[in-house]
Every structure is written in C-alpha cells, then in structure tokens.
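> my questions are about this predicted structure, shown below with the sequence.
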Amino acid sequence: MSTPTDTSASTSNDMRPTGSSSSSSAHRPRDERRLPWYHLLLTGLAGLLVAVAVLAIADALSVASAILLGFVLHLLFGWGYSLVREGPRWAKDRLMTLLVIGAFAISMFPLLSLLWSVVARGMTRVLAAKPTTLAFWTTDMSGIIGGADAGGVSHAIVGTLLITLWASLISIPVGLFTAIFLVEYADQGWKRTLGRGVTFLVDVMTGIPSIVAGLFGLALFITFMPDQSVRMGIMGAVALSLLMIPTVVRNSEEMLRLVPMDLREAAYALGVPKWLTIVKVVLRTAIAGLTTGITLAIARVIGETAPLLLTVGMVTSVNWNMFDGRMATLPTFINQQYRNGNANCMSDTVTNPVNQEVYACSISTNIDRAWAAAFTLIVIVMILNIIARLISHYFSPKLSR
Amino acid sequence: MAAPQPINVEDLNIYYGDFLAVEGVDMQIRPRSVTALIGPSGCGKSTFLRTLNRMHEVIPGAYAKGRVEINGEDIYDPKIDPVNVRRRVGMVFQKANPFPTMSIRDNVLAGVKLNNRRISRSDADELVERALKGANLWNEVKDRLDKPGMGLSGGQQQRLCIARTIAVKPEVVLMDEPCSALDPISTLAIEDLIHELKEDYTIVIVTHNMQQASRVSDRTGFFNIAGTGKPGRLIEIDDTDTIFTNPTNTQTEDYISGRFG
C-alpha cells in the first residue's frame, strides 16, 4: 500500500496544499479537487500487486484469480484513495465509474474470447485446409472417413443458405403483413380485438423452445406424408419459420410504429389511397429499421441446431433439392463433428473408398472441422449483417443538406 | 376551371367515437377567397377543418354527420370515395412534413408519384417549376432539387409542403395553423403566398393568431366551446373587417378584445 502514499506526496503541491479546510477551498473552483484519471492506474496496480501477493501466499495464484481479486481490491483502494484525496462525493463517482467499467469488461470478455477462439482455430483450419487453401469451403464430406485430414462444408453451406432462404421466404411476408395489419389496420372494433389476440399469440410464439418448433415441423409433414421417416429441407425451413415469424412481427411492428402519423396524413391529403401510402411512404420510410429487424431474425435462426437435427438430418454430399432427401447444415455439422471426437489413427494415411485418394490421418481432424464450420457460420452471419447495413445506409431517410 | 361554387356546410356534427366534438355547423365558404377560423384551443376549429377533406375519419373511431357540399356534390355521400375528395381538397399541416426519403423534386411530385401515375420527364420538370414558383420557393431551391427535402429550413419546408399540395391542382387548400412553428420572416413569406394563392384556390386557414387572421383573410369564422367536455360551436362568421371591428356576438367581442375567459 505504499504507492498511493507516494503519489500523494509528489502531487500534493499542485493539487491540494493542506487539509480540507473550507476557507482554502471556498475560493477555488470545485473541480480543482479532482485528481487526474491516471491516479486510478496506480490504485489498480496496487490492487493487482496485493492480489498477486495474497494469492501467492495462499498458493492459489492464477491469471483469472489475480485479475478478479485485483479488480475487487482496486474498487476498494480506488474508493479509499479518492475518499482521502478528493472527498466523499468524488469517491462515490470513482466507485461507480469503476463498477461500470468492470461490468463492461465482464460482458465483453466472453464475447471477445469466443470470437478469438473461433477465428483463431477456425480460420487456421480453413486457410490450412488439405489439399488446397479454402478447399474446406469447396469440398463436401463424401468418402471422407476416419481421421482423413480432408473434407469440407460446401454441402452444409448450401444447406444452411437454402434452408434459411426458404425460412425467410415464408417468414418475412407473413411477419411483415402481420405487422402491417397490427399497426395500420387493427385500430378499432373487431380488428382491434383480433389485433390484441394476434399480439398475444406472437408473444407466446416468441417463447417456443426451438426443439418444440422442430417437433412441430416433423409432426406436420409426417401427418401428411406416407413415409414416416421422411426428411426434407423444407421441413426444416417450416420449423425455422416458426421461430422466425414472431421476431419479424415484433421488430417490424416497432419500426412501423416509429413512422410519424404526420407522413401518413401528408400522403392521405394528397389523395393517395391507404394501401399505396403503406407501400410507398410507411414501408419506404421504415425500410432501414425493417432490414435490421429481419437480419436479426435471420441471425436468430441460422444457428439453430435442434429443429434441423429432427427435420433435415445429415448427409455427406450437396443436396440442392429442398423437397427431396436430407440436407446438411452448418450447426448440425458442427454438432456431428464434435460428437465424433478424436479420430482413431491406426495408420498414417486414410484412403477414400470412392476415388481412392489418399489423405494423411489427423487425430484432431473432426474437432478442427467443427471449429472451421463454426467460423464459416460466423462469416455468413457477418456477411448478412453487412448487407443489411448497406441497405439501411442507402435507403434510410437523408437529413443532410 | 368551371365557375367556382361556394362550399356549403349544413348541420355538420363531428364525433370522436361517442364524443360529440363539434355541433351543428352551418357555414358557407366563398370560392377564391381566404376564410380564417379562429377560436380558443380545443374548440374544434382544426377538427372542423379536417372534415372538409375527410381527413377527420383517419383517426380511429372518428366520424362526421351532415352535409358538406363542394362544387354541388355532398362529400359525405356514401357513394363518394374519400380518396377522390382529398385529391380535390388539399391540406397543409401545422408541422411541415416533407417526406424524409424524398428529394425536393420528388416531394413536389409526391402527389403524382405516390399515386403511380406516369408523367413524362418534361411534364414533371414543368410541374415542379410551376408548383415551386407558386409556393415562392423556386429561386431558393432551383439549384438543389435533388437534395433531401428535410435539409431545408422550417419555413422553406412549409412552403415545400404548400408546393406539394398545389402540384396536384386541388380546388380548395386547407391550412391548419401553417405558421405556428415559424419565425416572423417565414410567416410573412407564407402570408404573402396565401394572398397570391387565393387568385386560384379557395383557402380555409385555421390560426391562433388574430393578427394573422385579420391580415390574410376575407372572412373570419369564430368557434367557441362552452366548457370542457361540451361540443364546440361556430359562433359567427362574417367579413373579417366586421368580425374584428363590430362583431354581432358578445363572445366574439370578448375573444377578439382579449377579455375572454
């Protein structure tokens, strides 16, 4: 605890000469009692040092524990130091600032560490794919057995994109039209009652667990199909749209309500019919928010695993047909590869039974592929986000001169 | 344009749901002139104005009963489409509301474009120029027609809204406190414009500003309300000079002279 005392000695001349007598501070600006922000670094350092020392003595030293205890001690030291040097009001301010920063760090930590692991492990694998760079994105898993250090996710990329596209084709019109009904038409009489009912059901739908949506998709098709073991891409799309519709409705409704009544009235006063006002004024004004909301809805379902495991299953090669046969998707692929675990490498090479190609054997190949597929999924979501951003950038109302 | 006929309002009752907001209005509005509506807040002037182009019923639960004849045709006839009424009776609002997604040019053409009507490039250019000149805005914006309408100043935006309204060639222009959010200079610009517009259009303007009513209008109608929860009524309507110098009704006199309430 020597650090704070040292700094107090070195800075006492210019900061606060003596004591806290009211006569000396009365003719000073109140802010002058504040110390520069870097004093907090010193209390932080002190906290960390004490934490390391205490943990070393207790024989429980690790990076995580040192940072955690160091931060708690920092709260204490910073508050105490500020109380002595700056007074109780600023001490409270310091304490709260530190707490807010701490909360921010805690919330950012999992996000950054997750991104880092996925990018580090996934991108490495994608770039170092055998036999050529990026082959991971252009080949599928047909004929890849055992620990073969080859194969890719082209079939899963195609499946994920197709199923998400179809889920969007179902959900966006349904969701958008529902939102338009709720905002523009459900204003009085029986429509109002119906609107309230729809809002309630949408709220209930928001809470449906994804596995239940999967079971619904499965049950719906099995009821009408002769073959009980039928699996098709469209079944997955229907199950996903069940999860997507409430999000689209909710987000679009919020965005449409933000469009000022003034603009609708301006259009009406020009003799524009209601439906054209909705299409050309309301939707056009809200398009930036609508695309953001729809992108969020897509991002919500693109990583769903459980419903797809039930309805779409898994294959090893590309299937473009949504209405016939199983399809691979990235989330289910990740799940499958991870569950395969470490490969059993009896010999140094594995031979492809289909085309007789010979691959090196790698124990970690399944896990590597799972990481690379996760990275691929994140890249796809990011590209979707960028597209949505561009749309909202080019279509949002322009206010500049 | 055919010989303009007055707007006849007969026994008009205006409701918000069960609530009777304005009661028993009988009024004749002269064509090609400016009629101002004055009165205390909440007396139903704006509500009445909005019934003249059937904008009132846009509000959920709102409706009106009675006759409003424009060009000899009752606009509350069940056979009449409110959309067609609004094409003939334009409206300028209290708050300037240009479409934020459109350029100045597109705002002026909004009545055409939003209705999916085709218009040739040269016709559109001519219409934009004529409407903007009609709204005294052409010289200020002719070099930046493709810039967003929201980038203009408040007074310019309001004149843009007037240009947008007259671009659809209505017979009547309704103005709901068009200057209440503007500074005196912009107000003057709009008032000058109203003087010019009455050559071609029948204008009805709601205003809180009695000086404005006396400056711009030929006739003035005074609305009043007996108390909270009671319906508003048209107390009297007469030539503006008469209303401001020698009103028949004592309520009008009290309001004009500031002795009201």
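The structure has been received and is ready for your questions. Predicted model, so just to flag it, every value in this text is computed and none were measured.

> what helix or strand does the residue sitting nearest the centre point of chain B sit in?
The structure's chain B has its C-alpha centroid closest to residue B:174; by CA atoms, centre = their mean the separation is 1.5 Å. Applying DSSP states H and E as the criterion places residue B:174 in strand B:172-176.

> just list whatever residues bridge to residue B:16.
residue B:19, residue B:62 (DSSP bridges).

> surely it touches residue B:60?
No - the pair residue B:16 and residue B:60 fails to qualify as a contact (CB atoms under 8 Å) at a distance of 9.2 Å. C-betas here are computed from N, CA, C, even on glycine.

> quick one: residue B:40 and residue B:227 touch, right?
No - counting by CB under 8 Å, residue B:40 stays clear of residue B:227, with 11.2 Å between them.

> A strand includes residue B:235, no?
Yes - the assignment for residue B:235, made by DSSP: H, G, I helix; E, B strand; the rest coil, places it in a strand.

> the closest residue to the residue nearest to the centre of chain B other than its chain neighbours: how many residues sit nearby?
Nearest residue to residue B:174 in three dimensions, chain neighbours excluded: residue B:91, at 4.5 Å (CB to CB, 6 or more residues apart in numbering or on different chains). When neighbours are defined as other CB atoms under 10 Å in any protein chain shown, residue B:91 has 25 of them.

> list phi and psi for residue B:91.
Backbone torsions for residue B:91, taken as degrees, to the nearest 10, come to phi -140, psi 140.

> helix or strand: which one has residue B:101?
Using DSSP H and E, residue B:101 is not contained in any helix or strand.

> mind checking how far it is from chain A?
Distance of residue B:101 to chain A, given as CB to the nearest CB, to the nearest Å: 5 Å.

> show me what contacts that residue?
With contact set as CB atoms under 8 Å, 6 or more residues apart in numbering or on different chains, residue B:101 has these partners: A:284, A:285, A:395, A:397, A:398.

> near chain B too, which of those?
A:284, A:285, A:395, A:397, A:398 (CB under 8 Å from any CB of the partner chain).

> residue B:46 and residue B:221: what is the separation?
Using CB to CB, to the nearest Å, residue B:46 is found at 13 Å from residue B:221.

> typo on my end, it should be residue B:55
Counting by CB to CB, the gap from residue B:55 to residue B:221 is 18 Å.

> got it, and residue B:186?
According to CB to CB, residue B:186 stands 25 Å off from residue B:221.

> more neighbours, these two?
Per other CB under 10 Å, whichever of residue B:186 and residue B:221 has more neighbours is residue B:221, with 26 against 19.

> tell me which helix or strand that one sits in.
Following DSSP H and E, one finds residue B:221 within strand B:219-225.

> unless I'm mixing things up, residue A:289 is touching residue A:257, no?
No - taking CB under 8 Å as the definition, residue A:289 is not a contact partner of residue A:257, at 10.2 Å.

> settle it for me: which of the two has more neighbours?
Neighbours per residue, other CB under 10 Å: of residue A:289 and residue A:257, the larger number sits with residue A:289, 18 against 13.

> who's in contact with that one?
Shown in contact with residue A:289 (CB under 8 Å, 6+ apart): A:251, A:254, A:255, A:258, A:392.

> which of the residues you listed count as buried?
A:251, A:255, A:392 (16 or more other CB atoms under 10 Å in any protein chain shown).

> what score does the closest residue in space to the last one that isn't next to it in sequence have for pLDDT?
Same thing as residue A:392. The shortest distance from residue A:392 to any non-neighbouring residue, by CB to CB, 6+ apart, is to residue A:288 (3.5 Å). pLDDT, residue A:288: 89.

> in the stretch 1-150 of chain B, which spans are helices?
B:45-51, B:82-88, B:104-108, B:110-113, B:121-134, B:138-141 (DSSP state H, counting those that start in this stretch).

> of those, which is nearest chain A?
Closest to chain A of these is helix B:82-88 (CB to the nearest CB; 3.1 Å).

> is the closest one anywhere near chain A?
Yes - Helix B:82-88 is in contact with chain A by CB under 8 Å from any CB, via B:83, B:84, B:86, B:87, B:88.

> re earlier: TSV for the contacts of residue A:289, including pLDDT, distance to residue B:190 and secondary structure?
As requested, those are exported to TSV (pLDDT from 0 to 100; distance: CB to CB, whole Å; DSSP: H, G, I helix; E, B strand; the rest coil):
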residue	pLDDT	distance to residue B:190	secondary structure
A:251	95	40	helix
A:254	94	36	helix
A:255	95	34	helix
A:258	94	29	helix
A:392	86	35	helix
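
> low-scoring stretches of the chain, by residue?
Chain wasn't specified; assuming chain A. For chain A, the stretches with pLDDT under 70 are A:1-32, A:398-401.

> actually, chain B is the one I wanted.
B:1-3, B:260-261.

> quick one: name the residues of it near chain A.
Listed as neighbours of chain A in chain B under the rule CB under 8 Å from any CB: B:53, B:55, B:58, B:60-61, B:83-84, B:86-88, B:90-91, B:93, B:95, B:97-101, B:110-111, B:113-116, B:144, B:147-148, B:150-151, B:161, B:164-165, B:168.

> so residue B:255 sits against residue B:40, correct?
Yes - counting by CB under 8 Å, residue B:255 touches residue B:40, with 7.1 Å between them.

> higher neighbour count, these two?
Legend: neighbour count by other CB under 10 Å for residue B:255 and residue B:40, higher for residue B:255 (23 against 15).

> the more buried one belongs to a helix, doesn't it?
Yes - the assignment for residue B:255 is a helix, going by three-state DSSP.

> how about it, what does it touch?
Shown in contact with residue B:255 (CB under 8 Å, 6+ apart): B:38, B:39, B:40, B:222, B:224.

> closest to residue A:56 among those?
Set against residue A:56, the nearest of the contacts of residue B:255 by CB to CB is residue B:40 (80.1 Å).

> distance of that closest one relative to residue B:117?
Residue B:40 sits 42 Å away from residue B:117, going by CB to CB.

> please apply the same query to residue A:59.
In terms of CB to CB, residue A:59 sits 84 Å off from residue B:117.

> the more surrounded of the two?
When neighbours are counted by other CB under 10 Å, residue A:59 and residue B:117 differ, and residue B:117 comes out ahead with 9 against 6.

> which residues touch the more buried one?
Going by CB under 8 Å, 6+ apart, residue B:117 touches no other residue.

> need the nearest residue in space to residue A:194, chain neighbours excluded.
Nearest one to residue A:194, counting by CB to CB, 6+ apart, is residue A:186 at 6.4 Å.
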